[in-house]
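1. Need coordinates for the following:
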Amino acid sequence: MSIKSFAFAASFLLLSVTIFSQSFPGKIGVGLDGIGGGALEFPNVTLTAGAWQSVANSGNLATTDAMGWPTEDFRVVFFDHRPFNAWNNAPDDPEKYVVDPSGTYSLSFKGQATLTSWCDAPILFQNQQYNPVNNTTTVDILFPPGGGPNAALIGNYGFFMLNFLQTDYENGSPGVKEIRLIRPGYPHNTPQIFRTAYLNALSPFSTLRFMDFIRTNNSDGGYPNTLSWNERQQPNAPRYKQGAPWETIIALANYTGKDIWINIPVDADSLYVVNLAMLMHTTLRPDVNIYLEYSNEVWNGGFSQFQYNYAAVLQSPEDADIRASTPFDDRRRARRVAKQVIKFGEIFENVMGVSVSSRTRIRPVFAWQIGGWLPWYEDVLNWINTTYGTPKEYIFGIASAPYFSEGSADPNATPQEIVAAMSATSDENVARIQIVAQYAAQWGLKHLQYESGPDNGGGSTTNIGNRITANRLPEMKTAILHNYQDNWFSENANGTALPGTNDLINYFVLSGKVSRYGCWGATEDLNYLQDLSHAPKYAALCELSGNCGNEPLISLLSPLNQSIVEPNTTHSISAETTDPDGTIQKVEFFVGATLLGVDSIAPYAISWTPQQIGTVAILAKAIDNQGKYRFTETNVVEVALNISGTQEPSGSTQLQISPNPAGGNEIELFVTNRDPLHGSVSILDLMGRVIRNKAIHEPRMKMELSGLAAGTYFLSLREESGEQWVKKFVVIRP
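-> Numbers count the residues shown, from 1 in each chain. Alright, predicted model coming up:
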């Protein structure tokens, strides 16, 4: 049969088997692409910016302070969304598509600098100002249109580097600090963690896998180095150099309510895992299940985690039992992966008080590959049974990654022929899927896909235009439906195992640009989700989830955006919502990443009594009777004191400020009859906005006044007990 005849026959077959499509609620997960990509996850671009590069020493990193802020003139790439190989003027993508980053960005930083740009767009700097009171420079940066559907007409604008020259943080000290570049459409003072469009894009999926999100691959320092908890990515770092922090992952899970599939770093020591379990125990919402995987594709010799695991097999004192268990190194490698996963499960169940054997919240997974490694699954399960006991007491399931590629398609195949060839590969996978399902069923386990989807990457540029175009065809939706409905969830794909043994699938990633190395994204642009004809792969996953389309509509009523509320007083957070094709099940209300309350009866509202001064993001999320959700846009609210007067300490306690008026660059405060004293102290302006803030650990301390203009200010001291005092003081200048 010719390739064209084959393509027609395969396409007809696919159409015939997917007319009556099925959905699989709770079984369709997705991986999250690496941060800083086309999903534009965070409103604050600085978090995913490139390294600070020295201007004086080209090719080297800039020097930094203890927090990681640059201490010399520097340049930084804030984003690069250009098509792959565009820098050689030969992009792989025939459409040269790039997400549209245009609009007005707001930039601020502590200190002063001369700004110049180096990018592929004629950007404009507007309204640059320096405020000596708070030592802050602000500027608007206009990035012109050029991405999205206009890219081929106007130019592939997607690269933005900024030079910070003649920097002066303070008193001639070079460098700047606290750099914030906020995306168009978001107020500069927003503390919002994720873009609303990003949160909403995750609605159809039951599970989120964070392998790329935390940069799992090639992240270790080589055996025998280990990663301790204090070496993890810190949430208060200027940039997320090691991928997203665990705190950010927990926040995303709390917002979405999705199960999480986490990849423990290959070199993490036991205390790292203990601390991770403790963090999740105290801050992760209790209705979120946790899948545990050891690194990613430890079987894959192309990743450094393969070599780390192999070296541990041969050298680690803790793995002497593995070395003694079999003379075959390949089997040892797989057994050590299983041993690590079992250890993680035991740590999490001890910390969280939920047993792995209950097969509920804690879900350790042994992940391998169905290619030429099928016997490894059987060997590992038998070894677990012999060494520990019945496998289902220690792991939740075994996972594979049955990609479907274009196989032996003609080098000059059309896009339609490529899709048909990929579907044929999917059909060929069924025999191997049935075998692994049988292994899982033998021990009462689930068979999962740690990642999967259409894979026609590999790095070759042969026929690259057609290979990329194939992923954009409507036929790709049909191919994906066929792959999962018929070649994974069906009774036939389960083989001799009970239907349902083949369980959760994780599609490669939510979004991503196309290249010779793969077209991994369910969509190339989150803006495409407004019209799924441009995102056939995402459309297929939506249909499979049974959780897509006609999402509820919701808007926040109170508190108003950019309003000011007082702490320690009760306020209402309210929203109105409707559902086009069903009913509203409930509305969840968030302050920051904290789920503050839930209301299931209209009018939807909860009470809120803020405790801390500062700026907060308030969101509401409507969930309908089918589980579909939508978030409101965030309202940014300032929690500030009513400082129309003063509030002195009670009893014999006195709050003293010296000197007052103050003509120098510091004041001293002293609290009598309070030792020890623990809390925080702030300097506020007449609007109640915090200018300075620091912790207080003893009754006497000094506060810096440099940069404050002459005028009246307030000093606010709050003890850990919640008692709060406010006192006026005056700054005078020559």
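2. tell me, how many neighbours does Glu551 end up with?
-> Using other C-beta atoms under 10 Å, Glu551 has 20 other residues around it. In short, each C-beta sits where N, CA and C put it, glycine included.
3. Also Asp329?
-> By other C-beta under 10 Å, 11 other residues sit near Asp329.
4. Next up, the contacts around it.
-> Residues in contact with Asp329, defined by C-beta atoms under 8 Å, 6 or more residues apart in numbering, are Tyr310, Val313, Leu314.
5. per the record, what domains does this protein have?
-> Under the assignment automatic domain parsing, the domains of the chain span 3-34+207-229+260-275+288-545, 45-182, 553-639, 655-731.
6. got those as TSV, with mean pLDDT columns?
-> Below are the domains of the chain laid out as TSV (pLDDT from 0 to 100):
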stretch	mean pLDDT
domain 3-34+207-229+260-275+288-545	94
domain 45-182	91
domain 553-639	95
domain 655-731	84
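7. so which of the ones you listed is the most packed in?
-> Of all the domains of the chain, domain 3-34+207-229+260-275+288-545 has the most neighbours on average by mean count of other C-beta atoms under 10 Å, namely a mean of 20.
8. just to revisit the earlier point, filter the contacts of Asp329 down to the ones in helices?
-> With helices defined by DSSP state H, the entries of the contacts of Asp329 inside them are Tyr310, Val313, Leu314.
9. which stretch of helix or strand covers the closest residue in space to the second one that isn't next to it in sequence?
-> Looking back up the chat, that one is Val313. In space, and not counting its chain neighbours, Val313 is closest to Arg332: 4.6 Å by C-beta to C-beta, 6 or more residues apart in numbering. In the assignment (DSSP states H and E), Arg332 maps to helix 329-352.
10. My understanding was that Lys177 contacts Met67; is that so?
-> Yes: counting by C-beta atoms under 8 Å, Met67 is a contact partner of Lys177 at 7.5 Å.
11. and the residue nearest to Val313, how far is that from Val380?
-> For Arg332, the distance to Val380 equals 11 Å [C-beta to C-beta, to the nearest Å].
12. I'd like to check which residues are in contact with Leu684.
-> Ala640, Leu641, Ile643, Val690, Ile691, Tyr713, Phe714, Leu715, Ser716.
13. tally of neighbours for the first one?
-> A total of 21 residues lie near Ala640 under the criterion other C-beta under 10 Å.
14. contact partners of stretch 163-177?
-> The contact list for stretch 163-177, computed with C-beta under 8 Å, 6+ apart, reads 55, 62-63, 65, 67, 69-76, 109-118, 135, 137, 706.
15. Distance across it, terminal residue to terminal residue?
-> Using C-alpha to C-alpha, to the nearest Å, the end-to-end distance of stretch 163-177 comes out at 14 Å.
16. Then stretch 518-531?
-> Start-to-end, stretch 518-531 (C-alpha to C-alpha) is 23 Å.
17. This structure: helices as residue ranges?
-> 3-18, 151-154, 196-201, 246-256, 270-283, 304-315, 320-325, 329-352, 374-387, 415-442, 464-470, 474-484, 491-494, 536-545.
18. Mind checking these for the one nearest to Thr216?
-> Closest approach to Thr216 among the helices of the chain (C-beta to C-beta): helix 304-315, 7.6 Å.
19. With only the CA atoms kept, save the closest one in PDB.
-> C-alpha atoms of helix 304-315 as PDB (Å, rounded to 0.1, in the frame of the first residue of the first chain):
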ATOM      1  CA  SER A 304      22.900  13.000  34.000                       C
ATOM      2  CA  GLN A 305      20.400  11.500  36.500                       C
ATOM      3  CA  PHE A 306      21.000   8.100  34.700                       C
ATOM      4  CA  GLN A 307      24.700   8.300  35.500                       C
ATOM      5  CA  TYR A 308      24.100   9.500  39.100                       C
ATOM      6  CA  ASN A 309      21.800   6.500  39.800                       C
ATOM      7  CA  TYR A 310      24.200   4.100  38.100                       C
ATOM      8  CA  ALA A 311      27.200   5.400  40.100                       C
ATOM      9  CA  ALA A 312      25.100   5.000  43.300                       C
ATOM     10  CA  VAL A 313      24.300   1.400  42.300                       C
ATOM     11  CA  LEU A 314      28.000   0.600  42.000                       C
ATOM     12  CA  GLN A 315      29.400   2.700  44.900                       C
END
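20. give me every residue that touches Ala244.
-> Ile35, Phe210, Phe213, Ile214, Gln233.
21. and the gap between the residue lying closest to Gln724 once chain neighbours are set aside and Ile657?
-> Closest residue to Gln724 in three dimensions, ignoring its sequence neighbours and counting by C-beta to C-beta, 6+ apart: Arg718, at 4.5 Å. Using C-beta to C-beta, we find Arg718 at a distance of 16 Å from Ile657.
22. wait, isn't Ser102 in contact with Pro144?
-> Yes: judged on C-beta under 8 Å, Ser102 makes contact with Pro144 at a distance of 5.8 Å.
23. joint contacts of the two?
-> Tyr157.
24. Can you name the residues that contact Trp52?
-> Taking C-beta under 8 Å, 6+ apart, we find Trp52 in contact with Leu61, Ala62, Thr64, Pro70, Phe74, Arg75, Val76.
25. on that earlier part again, what's the closest of the ones in helices among the contacts of Asp329 to Lys392?
-> Closest approach between these and Lys392, by C-beta to C-beta: Val313, at 25.3 Å.
26. The closest one and Arg323 touch, don't they?
-> Yes: using C-beta under 8 Å, Val313 is in contact with Arg323, at 6.7 Å.
27. And Arg472, its phi and psi?
-> Backbone geometry at Arg472, expressed as degrees, to the nearest 10, gives phi -100, psi 0.
28. Let me know whether it touches Pro536 as I believe.
-> Yes: judged on C-beta under 8 Å, Arg472 makes contact with Pro536 at a distance of 7.0 Å.
29. Where strands are concerned, which of the contacts of Trp52 count?
-> With DSSP state E as the criterion, strands contain Phe74, Arg75, Val76 from among the contacts of Trp52.
30. Show me what the last one bridges to in the sheet.
-> With DSSP bridges as the criterion, the beta-bridge partners of Val76 are Leu162.
31. Now do the contacts for it.
-> Neighbours of Val76 in contact, by C-beta under 8 Å, 6+ apart: Ala49, Gly50, Ala51, Trp52, Gln53, Met161, Leu162, Phe164.
32. Generate JSON lines for the residues you listed, with distance to Val288 as supplementary columns.
-> JSON lines is the format used below for the contacts of Val76 (distance: C-beta to C-beta, whole Å):
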{"residue": "Ala49", "distance to Val288": "30"}
{"residue": "Gly50", "distance to Val288": "32"}
{"residue": "Ala51", "distance to Val288": "33"}
{"residue": "Trp52", "distance to Val288": "36"}
{"residue": "Gln53", "distance to Val288": "39"}
{"residue": "Met161", "distance to Val288": "38"}
{"residue": "Leu162", "distance to Val288": "38"}
{"residue": "Phe164", "distance to Val288": "40"}
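33. outside of stretch 35-48, which residues touch it?
-> Stretch 35-48 has contacts (C-beta under 8 Å, 6+ apart) with 32-33, 49, 78-79, 81, 99, 101, 105, 179-183, 186, 190, 192-195, 197-198, 201, 213, 238-240, 243-244, 510-513, 521, 524-526.
34. got the CA coordinates for it in CSV?
-> This file holds the C-alpha atoms of stretch 35-48, laid out as CSV (Å, rounded to 0.1, in the frame of the first residue of the first chain):
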residue,chain,number,x,y,z
ILE,A,35,9.2,28.3,33.5
GLY,A,36,10.0,31.3,31.3
GLY,A,37,8.5,29.8,28.2
GLY,A,38,5.5,30.8,26.0
ALA,A,39,3.0,30.1,28.8
LEU,A,40,4.1,33.4,30.4
GLU,A,41,3.3,31.9,33.8
PHE,A,42,4.1,34.8,36.1
PRO,A,43,3.1,38.5,36.0
ASN,A,44,6.6,39.3,37.3
VAL,A,45,9.0,38.6,34.3
THR,A,46,12.1,39.0,36.5
LEU,A,47,11.5,35.6,38.1
THR,A,48,12.2,33.8,34.9
